[in-house]
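> Provided below are the primary sequence and the corresponding predicted coordinates.
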Amino acid sequence: MKELKLMKGNEALAEAAIRAGADAYFGYPITPQSEVLEYLALEAEKRTGMVILQAESEVAAINMIYGAAGTGKKVITSSSSPGISLMQEGISYIACAELPCLLVNVVRGGPGLGTIQPSQGDYFQAVKGGGHGDYKLIVLAPSTVQEMVDHVSLGFDLAFKWRNPVMILTDGALGQMMEKVALPPQIPRTNVVYDWATIGKPKTRERNFITSLHLKSEVMEEINNTLQRKYRAIENEEIRFEKINCDDAEFVLVAYGLVARICQKAASLAKEKGIKVGVFRPVTLFPFPTNELKKIAGKVKGFLTVEMNAGQMVEDVRLAVNGKVPVEFHGRMGGIIPSPEEILQMLENKLVGEIV
Amino acid sequence: MNEKTMTEDQHFEQVITEENICTNENLVFEKPETLIDTVMHYCPGCGHGVAHRLIAEVIDELGIQDKTIGVAPVGCSVFMYNYMNIDMTEAAHGRASAVATGIKRVLPDKYVFSYQGDGDLAAIGTGETIHTCNRGENILIVFINNGIYGMTGGQMAPTTLVGMKSTTTPFGREVAVMGNPLKITELIAQLPGVYYCTRVAVNNPVNVRKAKKAIMNGFKYQELKKGLSFVEIVTNCPSNWKLTPVESNKWLEENMLPFYPLGDMKVPSDQSSKGKGE
């Protein structure tokens, strides 16, 4: 039975981690996500025995994650943009070693120390790799506090299914806002033994070692190919998206996370003006719902991609649409959340007025 | 136990001579099960091979091969997992103690050790080293100090001696420019989280045996869950010191050991925290 509560996004996510039976959290405080660690420090150990450790830095935290993930335990960390930048080397190692773990980026505005206000400026970093070398994270983009909860168990499932790091890419507004959430029941922590895990070598098997070092070019290329095959399989199986009134729409707003909800309001404002506008929301940012956008592109007059950045996901939308119809962009930065009215205004200025 | 080991040391110093070393009783010599039978990539005369072997012998003697997880660093010993027949993780440069922390925290009943060189532990990984020690993680850190970066080809390490030449201090390490060599083990010994801290070497049989005893202690103390064990092994680097193996051991004795004196810096009987929790 689901339990209803009014919760802040960060705390709901932390609660979901406990209920998902997570074994360990390693993290470092940074605004606007410190509530995750604070909530876990208060609740987790006494309820499930989950290990909670405040590391000395994000660099240490991600390497604790790397070590613990190698034992096959369910491990999670969270941070915000500058902290996630510090973790990138470790994430690259984890991706190459094919270890499961859940990463949460409660994005704030950048570059640099930037602002503590919400942003989507880390789309490229999350979706295109982020650290060095060719790798991908599975990236989930919640748009409600409820999804901040739901994506935790989904994220763990995907991480273990594919032995790949999964990132929940959210933002400072979702992390800080309160909404009603239905919490899942507590899943007990398990002691699953994976054949790849470093937990001590019994006589019955060969030793396991976790490494991302392959000095021979032929071997490294084969590792690269294996990873790329995995990413293609993920693209075939794990795409998630939400389509709202796209079927008979003339124009479609494309947005992820919180911005997709604002776009829904903009679409209903457009309807009042007699403009048929749909909203397309990628839920997985990698894998990106390219084919679905391609299909929609055959039926509409144009897209407006709306983001809280200078235009990042719009590049993937343009690749999907491939010039069939115009793909325009509207973005706000610095922690400013676009209003439904300005989105409608941009839609009218950039698309409706030009095309109709 | 202490008395018995002392006797063994004396046995080595006094009883074994060039004349009697080839008698049958002194020829008993086996490869440890934990050491994989393969050619190592280390240069001739390098101390890593001896250090690896000692860890393998200790794991064998304690019967903990199935309960031990090691963490390899970045540096010459990056391939340690090719030589040790135990589960291992290869960490990013400097982060071995954080990786070991992650493993130990979720597997508190297993034996966990990190094996790190001077660049890894005392330069890029200083933060992780200090904080892992300060938290008193119940792990063993084996610190290999040869005063130079081996794998990248002889650059200055944090422990490079004053005046010592390296490829990045071609005229010798100058304090005004590069500061003094870092005695990180002396720093570590001050931290209450550290239960056992010692400096050993593997330049001669007596020191090899002492080093083994220190590693043995480091593994055994994990069972007590009273804090971290830190074993520094001062070693040579013939290739990058540009000396023969024999010359490099001589240089180690004449230059490294006076600056990095061997001996215990903290042993359990010294602990002011003795009886803690009792």
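Arrived safely.
> Not counting residues beside it along the chain, what's closest to whatever residue of chain B ends up closest to chain A?
Closest to chain A within chain B is B:G102: 3.0 Å, counting by C-beta to the nearest C-beta. Placement of C-beta: from N, CA and C, glycine included. Excluding the flanking residues, the one nearest B:G102 by C-beta to C-beta, 6 or more residues apart in numbering or on different chains is A:G67, at 3.0 Å.
> need the contact list for that neighbour.
A:G67 makes contact with B:V71, B:T89, B:A91, B:A98, B:V99, B:A100, B:T101, B:G102, B:I103, according to C-beta atoms under 8 Å, 6 or more residues apart in numbering or on different chains.
> A:F26 is in contact with the residue of chain B closest to chain A, correct?
Yes. Here B:G102 reaches A:F26: they are 6.4 Å apart, a contact under C-beta atoms under 8 Å.
> Need the overlap of contacts for the two.
What both B:G102 and A:F26 touch, as defined by C-beta under 8 Å, 6+ apart, is the set A:M64, A:I65, A:A68, A:V75.
> where does the residue of the stretch 51-200 of chain A found nearest chain B land in three-state SS?
Using C-beta to the nearest C-beta, the closest approach of the stretch 51-200 of chain A to chain B is made by A:G67 at 3.0 Å. Under DSSP: H, G, I helix; E, B strand; the rest coil, A:G67 falls in the helix class.
> what separates it from A:M50, distance-wise?
According to C-beta to C-beta, to the nearest Å, A:G67 and A:M50 sit 16 Å apart.
> follow-up on the earlier one: can you tell me which residues contact the residue of chain B closest to chain A?
Applying C-beta under 8 Å, 6+ apart, the residues contacting B:G102 are A:A24, A:F26, A:N63, A:M64, A:I65, A:Y66, A:G67, A:A68, A:A69, A:G70, A:V75.
> now B:N204
Applying C-beta under 8 Å, 6+ apart, the residues contacting B:N204 are B:N249.
> Report pLDDT for A:K243.
At A:K243, the pLDDT value in this model is 98.
> where does it fall, phi/psi-wise?
phi -120, psi 130 (degrees, to the nearest 10).
> For chain A, which residues score under the pLDDT cut-off?
A:1, A:355-356 (pLDDT under 70).
> What residues does it have near chain B?
Applying C-beta under 8 Å from any C-beta of the partner chain, one finds that chain A approaches chain B through A:23-24, A:26, A:51, A:53, A:55-57, A:59-61, A:63-71, A:73, A:75, A:89-90, A:93, A:197-203, A:207-213.
> Of those, which count as buried by neighbour count?
Neighbour-count burial (16 or more other C-beta atoms under 10 Å in any protein chain shown) applied to the residues of chain A next to chain B gives A:23-24, A:26, A:51, A:53, A:55-57, A:59-61, A:63-71, A:73, A:75, A:89-90, A:93, A:197-201, A:207-212.
> Which other helices and strands does the helix or strand A:A266 falls within contact?
Here A:A266, judged by DSSP states H and E, is contained in helix A:258-272. If contacts are counted by 3 or more C-beta pairs under 8 Å, 6 or more residues apart in numbering or on different chains; DSSP states H and E, helix A:258-272 sits against strand A:241-244, strand A:251-254, strand A:277-282, strand A:302-307, helix A:340-347.
> hey, which of those is tucked in deepest?
strand A:251-254 (a mean of 30; mean count of other C-beta atoms under 10 Å in any protein chain shown).
> what lines up beside that strand in the sheet?
strand A:277-282 (parallel), strand A:302-307 (parallel) (DSSP bridges).
> mind exporting the last one as PDB, just the C-alpha atoms?
By that I understand strand A:302-307. Presented in PDB, the C-alpha positions along strand A:302-307 are these (Å, rounded to 0.1, in the frame of the first residue of the first chain):
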ATOM      1  CA  GLY A 302       7.400  23.000 -35.900                       C
ATOM      2  CA  PHE A 303       8.900  22.500 -32.500                       C
ATOM      3  CA  LEU A 304       9.900  24.900 -29.700                       C
ATOM      4  CA  THR A 305      12.400  23.400 -27.300                       C
ATOM      5  CA  VAL A 306      12.400  25.100 -23.900                       C
ATOM      6  CA  GLU A 307      15.200  24.700 -21.400                       C
END
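> how far does it sit from the chain's center?
Offset of strand A:302-307 from its chain centre (C-alpha atoms, centre = their mean, to the nearest Å): 20 Å.
> Please name the residues that touch the spatially closest residue to A:G133 that is not a sequence neighbour.
Once flanking residues are discounted, A:G133 sits nearest to A:S92: 5.5 Å by C-beta to C-beta, 6+ apart. For A:S92, the contact set (C-beta under 8 Å, 6+ apart) comprises A:G129, A:G130, A:G131, A:H132, A:G133, A:Y135, A:S212.
> looking at it, the fifth one is touching A:I94, isn't it?
No. Judged on C-beta under 8 Å, A:G133 makes no contact with A:I94 at a distance of 11.7 Å.
> Which of those two has more residues huddled nearby?
A:I94 (29 against 13; other C-beta atoms under 10 Å in any protein chain shown).
> got the contact list for residue 207?
As the question left the chain open, I've gone with chain A. A:K201, B:Y81, B:M84, B:N85, B:I86, B:D87, B:M88.
> try again with chain B
Applying C-beta under 8 Å, 6+ apart to B:N207 gives the contacts B:V200, B:A201, B:L262.
> Give the residue farthest from the middle of chain A.
In chain A, the greatest distance from the average C-alpha position (C-alpha atoms, centre = their mean) is reached by A:K203, at 40.2 Å.
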